[in-house]
Every structure is written in C-alpha cells, then in structure tokens.
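>>> The following block contains a protein sequence and its predicted model.
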Amino acid sequence: MCGRFAVTLPADAMAQLFVATPANDLPDVPNYNVCPTTSVHVLRNEGDGRRLGPMRWGFIPHWYKKANDGPLLINARAETIAEKPAFRAACRERRAVMVASGFYEWTRDGDTRLPWYITRSDGAPLAFAAIWQSWASKGDNDDQIRTAAIVTTAANAPMSAIHHRMPVILEPDDIGLWLGEKGKGAARLMHAAPDDALTWHRVATTVNSNRAEGPELIEPWSDAD
C-alpha cells in the first residue's frame, strides 16, 4: 500500500538524475503531502527518449465514463496486475516510474493512527514502479488526461512491522528494464526491496490530514514534542 508520499527534489534535478526531458507543466515542489488524485511526477519512455511529465495519481480504466465511476485505483498489486482487466494492458505496454523522496505508512495505537515516514537508506530518491494510461470522459477525446498507479507487493520482513504491503521500488540499473528499454523481463522486478533498502521514523500526526503541508511533516517525532 502507498497512499501518501513526499517529493522534495527539484524537477530539473529529477530530470538530470533519470536522464529525461522535463515537461513544462510539472507539479510544484517541494510537496510534503502528495495525495491521490493530484498531479505527480512520472517518468516514461516515449520511444525517442525518456520524458518526465505530470500524471494524475489514480489510474482510470478506459470503461469509466467519469473519473469517479468506480474505485480509486492508486495502487496495482504485483501479484495480479497481469490478469486484472483494469491493469493488464498497461502492465504490458505502459510502464512508468513515479518519483518520490519518501512515503508515509501508518500503524495504530488504539484509535490513533501513527504515521511513519519512509525513505531509502542511502538517501537517494525513490523510483516507484508504476503503470499509466490516458483517459477521457465518454465522447470527449480532446480532453484526455494521463493517469497512473503505483505497483505494490508484499512487504519485506522489516517493513511488515508497519504494513503488510509496500511499493515496488526500482534500483537505478533496473529502470531501463521496467520502462521497456532493455527488452523483456520486467515481471521479475516486481518484488520487495531488500531488507536494508529502507529506513523510517515516526512523524507527527499532523500528516494524518490530507490538507497538511510543510517540511515539518517529515521531521522526526519524539515523546518530548
């Protein structure tokens, strides 16, 4: 599961890091509380090179007549992605990478949701495996929007203490294979990150609100706060 994340890296730095051409209408950064249905930074291969562009976080199947015609599909399970009618074509033909600095997960203490902020142990940006497709309301093909979902898998042993699912996190050398630049075999990338790949810390419950914003959302929380 991945339902909220943060992006702090400037767009030009993202483009340079992933060897991509940036679009002119990328979402503003930093954003410490990226929520579903908002515009996110997505990397894909257009045939003549990589493009970093904006997409709506929330995959819309082609049969939806309205964007809210069914469940909000922000994640796609790796175990079933190749069979699910909503995702199977995109899994074959439209794979992408969603860029983040860190993501949030929650545990519970009674009725209280306790948030954790999770990043790569080496401090590098996160490259979430994703799928995408264009969608337009029925009869309005001139107003297509690109939509995307994060691919998730069963959590590794350390992460399972927080949540039983986690995003599929691509290593830099695997991004080309996921994007279809290095032939076939992308399916083997859909697994949990190594046990030492991620680190996390508790943050304040302020981030429980999807309206919260600001760098303090990712700062470590302690009992003294």
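Okay, I see it.
>>> In the protein, what residue spans correspond to strands?
Applying DSSP state E to the chain gives strands spanning 5-7, 20-22, 31-34, 39-45, 50-57, 75-77, 95-100, 102-109, 112-120, 126-135, 145-154, 165-167, 198-202.
>>> Spit out the contact partners of Phe5.
Contacts for Phe5 (CB atoms under 8 Å, 6 or more residues apart in numbering) come out as Val34, Ala100, Ser101, Gly102, Phe103, Tyr104, Leu126. From N, CA and C alone the C-beta is placed, and that goes for glycine too.
>>> The last one and Lys65: what is the separation?
The reference is to Leu126. Separation of Leu126 from Lys65 (CB to CB, to the nearest Å) stands at 34 Å.
>>> and if you look at the second one?
Noted for Ala100: a distance of 31 Å to Lys65, by CB to CB.
>>> Tell me which of those two has more neighbours.
Set side by side, Ala100 and Lys65 show more neighbours around Ala100, with 27 against 10, by other CB atoms under 10 Å.
>>> so that one touches Ala129, yeah?
No - applying CB atoms under 8 Å as the test, Ala100 and Ala129 come out as separate, 11.9 Å apart.
>>> are any of the contacts of Phe5 buried, and which?
Neighbour counting with 16 or more other CB atoms under 10 Å marks Val34, Ala100, Ser101, Gly102, Phe103, Tyr104, Leu126 as buried within those.
>>> Now flag whichever of these is closest to Val207.
When those are ranked by distance to Val207 (CB to CB), Tyr104 comes first, at 6.1 Å.
>>> Could you pull up the contacting residues of that closest one?
Applying CB under 8 Å, 6+ apart to Tyr104 gives the contacts Gly3, Arg4, Phe5, Ala6, Pro115, Trp116, Tyr117, Ile118, Val203, Val207.
>>> List the beta-bridge partners for Trp57.
Taking DSSP bridges as the rule, Trp57 bridges to Ala148.
>>> Would you check that it makes contact with Val34?
Yes - the criterion here is CB under 8 Å, and Trp57 meets it with Val34 at 7.2 Å.
>>> list residues touching both of these two?
Counting by CB under 8 Å, 6+ apart, the shared contacts of Trp57 and Val34 are Val40.
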